[in-house]
Structure formats: C-alpha cells, structure tokens
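Asker: Need a 3D model of the sequence below.
(3 chains)
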Amino acid sequence: MAKALINIKINDIPISVEEGTSILDAAKQLNIKIPTLCDHPDLSVSGNCRVCVVEVKGAKYLQAACATPVAEGMEIYTNSQVVRQSRKHVIELLLSEHNADCTSCSRNGKCELQDLAAEYHIFDRILLDLLNPEDMIADISSPAIKKDISKCIHCQRCVRTCEELQYVSALAVIGKGPQQHIGTFFDYPLNEVVCTNCGQCVLHCPTGALTERNYIEEVWDAINDHTKHVIVQTAPAVRVAIGEELGFSYGTRVTGKMVTALKRLGFDSVLDTDFAADLTILEEGTELLTRLKRALVDKDPDVKIPMFTSCSPGWIKFMEHLYPDMLGHLSTCKSPQQMFGAVAKTYYAQKKGLSAKDIIVVSIMPCTAKKYEAQRPEMRSSSYQDVDYVLTTRELATMIKQAGIDFMSLPETDYDPLMGESTGAAVIFGATGGVMEAALRTAYEIVTGREVPFKNLDITPVRGFDGIREASIKIEGTKPEWSFLEGVELKVAVAHELVNANKLVRAIRNGELHYHFVEVMACPGGCLGGGGQPYPVSWEVRQMRAQGIYEEDKNLLFRKSHENPEIMQIYEEYLGQPNSHKAHELLHTHYYPRKKYIN
Amino acid sequence: MDTSNLKKVDLIFSKVDDPLHILDKALQKSQDDIINEIIDSGLKGRGGAGFPTGLKWKFTKNEDSDVKYVICNADEGEPGTFKDRQIIEMVPEKIFIGMTIASYCVGAKEAYMYLRGEYNYLKKDLVPKMENFNNDLKNRGIDITLFLRSGSGAYICGEESALFESMEGKRGEPRNKPPYPTKSGYNYKPTVINNVETLVYVTMIEYIGVEEFRKLGTKDSRGSKVFSISGDTPIPGIYELELGMKVSDFVREFGDGDTKAVQIGGASGFCVPRKNFESTIIGFEGIPTGGSVMLFNSSRSMYNVLHNYLDFFVEESCAQCTPCRAGLQQLLKGIEAIKRREKPVSYLDELIKLSKTMKVASKCGLGQSIANPFVSIVENFKEEIIF
Amino acid sequence: MEESKELIKKSVAKHGKSRNALMPILQDIVADKQYLEPLDIALVAEELDLSAADVYGTATFYTFLDTVPRGKNVIRVCRTISCYMSGKDEIISTLEKILNIKVGETTIDRQFTLLTANCMGWCHKGPVMLINDEVYHSLTPEKTIEIIQQYREKSKN
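Answerer: Here you go, the predicted structure:
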C-alpha cells in the first residue's frame, strides 16, 4: 500500500513526501543539506547531538530534523537566525568538551566535527574548556582498537553500532551528568571485555575517539631493516576499497595499482591473501566433507553439524564469548591471513632459502580484528608470530600518501609468484556469501566431478545483503567415494553482521533451523564492509564494493580454488593432501571458551 | 490570617467516608462521560506542564491498541516540591481511585505508580494498602490491577518518556517526541501518565462534581493546587490554595517581612523579584508551577541560589544531548569564572544567549527549562551574580 | 558470592526475566548489600540475557544503584537549595567529624558511607538525610550525633 503523501514547505519550497519521512530526509529530497553528527544511515535514530535542529513554524522549540517526522502543512526553516545560532552553539559546546588538538589526531582531515567547525566558522571560541584531564589518557590495551575519550562527542554511534549491528554491546553509555561517558563493563580496558575487535565502532565514529591501533611506523621500520625479508599480503576486500582513499570512486578495482604501490613502498615480496583463501577452501571444503561423512555414515555423535566458517576473527571471538558451548561447530581452519602467515614462514621460507626469524609478514586487511587475531598465542605455527603486523586499508593508504606516490597514475603490476596467484573464488571471500560460494564451487566438484549447477558458476542465492540467506543444492551423480552424499540436499546459510549471526546461531542451538554448512562474517556486507575500510560507510558504498568484487571474480582466469596452480604446487611439494597431518599443524587451530562479560 | 487574599481549599486531604463509593459511582458512567467531565472541569496536569487531563485521556482512549497503560508519576523530584509525598502518605486511596478511573476511561488493565527511590520508606504502608485496594477491585469484578515501581535516584525520570525508559529497565534518557505517550508510552503502548495530585483531583471532581470544581480558581486555571512552600518563611509546609493568586498576596501570607525574591516552580521555574510581586500571577495564565514556591529574604545571595540550582541540574542531566550536557556545565563554570574575574562581565550576556539556545535546542524539558531560572535570576540580580 | 547468586535467583524468580524486571532486580540487590559488584551485574546480565556493559551503564545512571563498595549504612545528606539554606553544611561537617571520613568515603569498619544527594522532598523541614531507606529531617548537629549513635548501638547488638 502506498503511503499517504504529506505536503510541507522547507525554506518556503513546497514538497510532498511520504508519511513517516523525517524532516532530514525530506530536506535531502530538495538537496538541502542539514548537518548531522549522531545520525548514521546504518543506525537507529537518536536525536541527541542536536546539530540538526531546525525551526518549525508555530513550534515552541526547535526540532531535531533526524528524529522528527513531517506533518501536514509543516513549514520548516533550516537556516533561520535561531537555527544558525543554535547550531553554532552546539558545535562550540562539542568543541568545548573535545580535545581539539587536531594535528595530533589520526582523524585529522577526516573528522565530521572538524568539518562542521570549519563550515560554521567556529574560529573565536569563547566558551570555557570543559575537557577533563583524566580523559586524556587513551585506552590502548587492545591490539586492535584505541579508545580516546578526550575525542568523544557523546553521539553514541559506537554504542548503537555495537548493539544494533553486532549484538555485542561491549560499549555502553555509563553514568550521567558530567560523569557520562562511553565505557565498558566497569570501565575495564577494552582487551579485558567482550569486544570482538570488529572495528565497526571505529568505522562509525565521527571523530578520533575510536580508531584502529596504528602500526605504520613499525612497518616502515621493518621495510627499512635490510636484514629482514618483508612480505606483504593483501586481503580480497582491500583491492575494491583502497582506491576510495586515493582518489577513485567507491568500489573501484585497483588491484594492479595497489600491487605496484606496495612494491614501491619497498616490500620485498608482494603476495596475495587470495592464495591463502584458496588454501582455506581446500582445507575447509575437505573438513566439511569429512564431517558430513562422520555424521552421515559413521553416525559419530561427537561431530558437529552444521559446520561454521572460521575466516572472520570477530565472529570467532563472538562465539568464544557468547556461545562457548558451540565452539565444536566452528571449522578448525585458520583464517586465510593466518594460513598465509604460517605458510610464509615455513613453505615460502624453505623455497626461498630463508629462515623464519628473518621474515616479517605484514598483512593489509579490511579489518581491525585481524590485528588481534595475529597476536593470538595459537598463531605461532612457525615458532614465531606468523603474522607480524596487520595494517588496515586506511593505514596502507596513509603509507602510500606518506611515500609521495601518485596512486592514480601508477601502472598495474602482478603479484609476486609462489603465493601470489588468485582465483575468483578467493576474491569473493571479500563479500558476504563469498566463502560459501567458493566452497560450494570446489566441494561440489570434488564430490560429483562436475561444476556446480549455476550459470557461470555464480551461486546467486548466497549473494546479496539480506542479513540471513539460505540455499540448498541437491547432490546428484556423485563419484563412488562420495556415494553417501547421493541425493543429499545440502543446506547452507549465510549471515553477516553479528546481530544476524546471533539470531542464526540461537535458532540452530534451539533446534529450530538445520543446515550442513553456515558462513558467518562479522561485518555488514562481509569484509568489504570491514572495520578497517575507508570512511564513510553505507549500504550504497558496500553495494559498489560488492560489485567490484564480483567483477574481479568474473574477469579472473581461474575461478575455482582447486584450479589455482600455486595451490596444487604447495600440496604437491609441501603439504601433501588437504587436512593432512602437516596441513593440520600449519593451517588449523582451536578455540577457547570465554566469559560473557570479560575476556 | 483571615485577612488573607489567598483562598484556602480543603479538597486533596479532605476526609471522605467510604472513598470506594466514589469509584463505584464513577464506574456507572460511560468512559466518554467521565472523559467529558474531566475536560469540562478544566483540570490541567498538576506536575507543572499543565496539559489538559481530559484531552490526554481522550487521545489515549482513541488509540487502537489491545494494551494500554495508566501511570501515576510519583517521581516528585523538583527541588522545593514535597506535596506528592504527603498526598501518598495521607490519602493513597484517592490516588488509587484516580488511577482506576483513568484506566477504566482509556481501557487499561494495568496501572503503575512510579515512586521515586527517595520515598522508599513510604512503601511500608503503601504496598499493603495497594494490595487491599487491588483486592477491592477484584471483589468488584473490575479487571484493573495496580502496581508499584520504584525509581533509584534520578531526577530526570520525572520526565515522562524517561520514566518509561526507566520502567523498561533502561537508562532514564528522554525519548524523541513525537510520538507522545498517548500514542506510544510505556512498552511503546498508548499510555496515560498523570501526576499524583492530578489523579487525586480526578477523584475529587467525581466526588464533588464538575460544577463545584469549576467554581475554584480562574478561567485559565480551574480548581485548586497543592503548594509546597519553603525557604525563608516562618510557616513552611503544604497548602492547598485556589489558583490564580498574585505573588504579592502570597508573600504577604508566607513571607518573613523581608522577602526579596520568590522562586516559583522549583529550580526549573522562574525567579520573581520584589518589584514584580504585584504584577505576577501564579497559575497557567502567569507562572505555572508544579507546586513549589520558595521564598528568599535579603540575607540570601542569589549567586549562591543560582549556583546551587546549576549544581543540581549539572548532576541530574541525563547528558545525552549536547545543549543540556555541555551547556549546563558552561553556565555553572561560567558564573564561577565571572565571580573570579576570569571572564569579563559581558560574558554573562554570552551565557544568557547560550541558555536561550539550550531552551530551544535541548531534547527534553530539563534542558529546555534551564533558561527560566538562569535568565530570571541573572537579569534581576545581576550585581549579586557579578560581585 | 554464593549469597549474591541465591539473592539474584530469587529476585529473578519474583520479577521475571524481561528487561522490564531489571530495575527491581538491581534494587533488590542494593537493598540487601548496598552496592553492586561486577559479579552481581554479570550474573543479572546472564539471567536476563543482556550485555553486562549495558546493565552496568544502566545501573550507573541511578544514584542509588551504587557500583562502588559502600558501608552497611549509607548516609545521604540532601545538598539541594532548601537544605542548603537551612544548614546542610553544618550537618555534613558534623558527620565528617564523628565518622572521621570525608563525603564519598566509607568508615574503616565498613559501617558507614557518607554521601550527598539531591532533593529528597523534605524542603520544609531541612536539613534532611537518608540513612539507607530511613529519612531524618529537621536535623541539628546534636540530633545528627544522636542518630549516628543509635546506629552504632544497633550494630553492636
């Protein structure tokens, strides 16, 4: 049913909008910009910053444009004298509570408060400084996220993000009056609470209050240490997003330019996490088939079905905290980043005649949780920390700018050999549903000897941005060794955003839903919407990145993981078979139950 | 005191034999009949905001919802206000009856009283009385149940949407409006929320009749009102008076002969200086009040009074919205800075401007009302603030 | 801790597991032990299927839901206008002297915590204080000393 139309005037311009439209959205339709801070398209409406207040004729008070629905006959003024005065006051009040030492802030130049202060010419600040000196000490306990309360503007976007997108609520509003602040359970340091390190709070923070832990200097030091062989790996989702920081439009594929830039930064070898993603598919696909055999044929009660993917470290920590009883469902496969690190310091080292201690592995990730993952004590298969430094997409962009590289004019080059070959299956790891699609492309073929029955290998039912998606494939014409799967309807599900993952896991635990294989990515849209990706973020931006990813898949020579020649090579020369003893040593891991409120 | 121009009234605390009879009589009427009576009576909310009670009920009744609620706001927290406490102590049945009539009128089956945590000691008597009353309702076959819920020390929870949040187990942060409680209140269901005193007047209107009630007060301020009188007065306490009196008459009765200012409506109300006593009316046509009237004599420093108010609001701000959270701290630190000569006298004008922004741009009534005491004290007692 | 667990279970049984039950449950705990410890909040969060940080954030909104250790008797002296005018400062300094603590502190024997609070609705009979849920009005220094003495006697018996 079409909604009723409401006739209003904004700045004397008449417009009809659907019932329920906010003043803010109505103004957008007229291309009238109303500034906002606490509002974010991913989140529920809060109306607490008050920077969007507008005048409504006849109303005693100004109205928050984000939170006020239009009403018939409303006459709205977005730039009257009282609105301008209030807006300037609000901005100056926020600055009075804010550590406005912008040049020492990593959001300098990309800060929504700074932009507004500039736009509204808040040059002569007359109000008193309210900043509490105790708030000047940032929480750097987490290896992934830095929390600096002196930069906080109390907009609560992080709190809503942590609750509404991620169902974690590691962050909450604490106290009232001057004590009110964004904090954790009993204000414990971030590394001691349920935080999954997903970094969505970072991505949704308008200022520098929540940022990634920055490791740029450490990486520069490594590059300039000539006793070290410094390898860099780039995750699938980075190649469709880093361009945004360097002059390209949303979702532009810049793989070749990025590789060139990395070489020019001085990395000794530029390799691809995609290689490890293909490795993951072989390991995880084999693990799935083995689990299915143990469950269906051996009737082993210890084997847990469905199997959950394990690529997303935020998701892993979420499970460890909230569903410690369900850890057996998680694939034992390490994430591609960690598979890469383990293989780099063993297989690659051997091939190159290097010692693991002389190798530094740097990851470029769309993710902040990867920073945490790299430091997990389990992730030392090479006897050293397998991945030394993890940089976000944003940090790499900063390094490229620091190095004076004109990214847009760079020529395109290929990744270096040995662990640089990629398939389309690996690239789509960057989008929600991609791991599922890649796994099905390979597993189906292992079992039947034929390609998955989808046009152009595009398993469209698992694509898209619906929070939870389901698909099933009937397995027919199996090879003799897989005959136990003949006629089995393989049921799979995909979820992204932990709030959806939570719904899915809960339903599975309660026996309401039944699947064989479930993919979960912690972040909205999957890694392409990761906490380490460029600002700003919205579903439109994520959609454009997803388009880039699926285009990249379409254009690659190999589109199935098991066809990656470098993957065949590593099994032949080093690992033996998927899930072999050696593979288990290097490529698989285990998980630890944690508590629901502390780490 | 017989020469007084103030008209004392004895409705709220008056002794009524068999109060349940009022309820029985009321419930024989239709819902609309009672609502129209309350509208005709001119009764406006006694919590301070003064919304016509009957209209509130009508809006709620007209909402299409299986579940509706009635809430008695007993989160009396405005500094200088203590009348609800006394009403709860002395005539709880009259409140219960008001809650029941309201529930009957709008179609609510559950009615809650939200009692501020500071009044926990009242529960000893109140809980058994409420249980008895519930039994009386049950015995009469009335499908309405009363519940008691407690606050835990948060002034802002007297704001209706903050009160709902608190009852829902959340931080008492006011919601965006619209929607209003009549459409979306407790548990996001249509809700009537009335002050303690308002509900007792409902009971008394049903008892004495609309006409008798309308005889009291003025055209814009029908009926009487319970006042909490404190400060520099020889006779502090609770008085029920007809609405619409002059401040000068009030001071004559309650002042100590040296009154220089009267704060009407609690800390968030207005300060009236001596020169305006004669021209200021207490009531909805003048300065409305939730009942608090505080007198100050010439020994008091209005700087200290304002400072105490601001201290209170700074602490009690829920702090979600910028103007209230940061603005209040600016006002408090600002007058301190002027006093210490760290800011020029002209800074006071900046603070007044800021308080006016807080009035129009804050999210709820707390931030919106700070300008009332701030501007009225600063403008009338500028010397005391500066020197 | 077992005691808290028992108390929380009982309170949850009485008030239910919906979020609407949160305030009454936290109030029950505070009525019993005067403040909320991390494990209390974690247990309540677990029972009600809420985030522990969220429950902590909710508790810290309310002055009476203390999350720092308090003594057996929590004294709250009203600091708002009427009590200020009628001499609350003298009452506070009397209490500080006889308890040998400052506002915000707890006595070493954990019998008393001294706090200030906002308007308690006794503006005509200030100064006022609450001790736990009991109200004492029209205070004078002498009267205050007497009241504290009574509490001390009570705790001895």
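Asker: looking at chain C, which residue ends up farthest from its center?
Answerer: Within chain C, C:Asp49 marks the point farthest from the mean C-alpha position, 26.4 Å out by CA atoms, centre = their mean.
Asker: quick one: that residue from chain A, how far?
Answerer: 10 Å (CB to the nearest CB, to the nearest Å). Backbone N, C-alpha and C define where each C-beta goes, glycine included.
Asker: and the closest residue to chain C within the stretch 301-450 of chain A, what is it in contact with?
Answerer: Among all residues of the stretch 301-450 of chain A, A:Leu322 sits closest to chain C, at 9.9 Å; criterion: CB to the nearest CB. For A:Leu322, the contact set (CB atoms under 8 Å, 6 or more residues apart in numbering or on different chains) comprises A:194, A:502, A:596.
Asker: and if you look at C:Ser4?
Answerer: Applying CB under 8 Å, 6+ apart, the residues contacting C:Ser4 are C:29, C:33, C:37, C:39-40, C:43.
Asker: now the residues you listed as a markdown table including pLDDT?
Answerer: Below are those laid out as a markdown table (pLDDT from 0 to 100):
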| residue | pLDDT |
| --- | --- |
| C:Ile29 | 97 |
| C:Lys33 | 93 |
| C:Glu37 | 95 |
| C:Leu39 | 94 |
| C:Asp40 | 96 |
| C:Leu43 | 95 |
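Asker: sorry, back to before: which of the contacts of A:Leu322 lies closest to A:Tyr384?
Answerer: Nearest to A:Tyr384 out of the contacts of A:Leu322 is A:Val194 (CB to CB; 29.3 Å).
Asker: circling back: now, which of the contacts of A:Leu322 lie within helices?
Answerer: A:Asn502 (DSSP state H).
Asker: State the pLDDT value of A:His254.
Answerer: That one is not His; residue A:254 is Val. A:Val254 carries a pLDDT score of 98 in this model.
Asker: Next: A:Thr478.
Answerer: Value for A:Thr478, per-residue pLDDT: 95.
Asker: How about the one 5 residues further on?
Answerer: Turning to A:Ser483, the model gives it a pLDDT of 94.
Asker: ok, now the one 10 residues further on?
Answerer: We have a pLDDT of 98 for A:Ala493.
Asker: thinking again about what came up before, narrow the contacts of C:Ser4 to just the buried residues.
Answerer: Buried residues within the contacts of C:Ser4, counting neighbours by 16 or more other CB atoms under 10 Å in any protein chain shown: C:29, C:33, C:37, C:40, C:43.
Asker: doesn't C:Lys17 make contact with the residue farthest from the centre of chain C?
Answerer: Yes - using CB atoms under 8 Å, C:Asp49 makes contact with C:Lys17 at a distance of 7.3 Å.
Asker: residue nearest the centroid of chain A?
Answerer: The C-alpha lying nearest the average C-alpha coordinate of chain A belongs to A:Gly530 (CA atoms, centre = their mean; 1.4 Å).
Asker: Quick check: the gap between it and A:Gly314.
Answerer: 9 Å (CB to CB, to the nearest Å).
Asker: between the two, what contacts are shared?
Answerer: Common neighbours of A:Gly530 and A:Gly314 (CB under 8 Å, 6+ apart) are A:198-199, A:367, A:523.
Asker: just checking, A:His226 is part of a strand?
Answerer: No - with DSSP: H, G, I helix; E, B strand; the rest coil as the criterion, A:His226 is assigned coil and is not in a strand.
Asker: And for it, the neighbour number?
Answerer: 9 (other CB atoms under 10 Å in any protein chain shown).
Asker: From A:Ile360, how far out is it?
Answerer: 12 Å.
Asker: go on, C:Ile75?
Answerer: 61 Å.
Asker: Any idea how far the helix or strand harbouring A:Glu470 is from the middle of the chain?
Answerer: Using DSSP states H and E, A:Glu470 sits within strand A:468-474. Centroid displacement of strand A:468-474 relative to its chain, using CA atoms, centre = their mean, to the nearest Å, is 23 Å.
Asker: Noted, bye for now.
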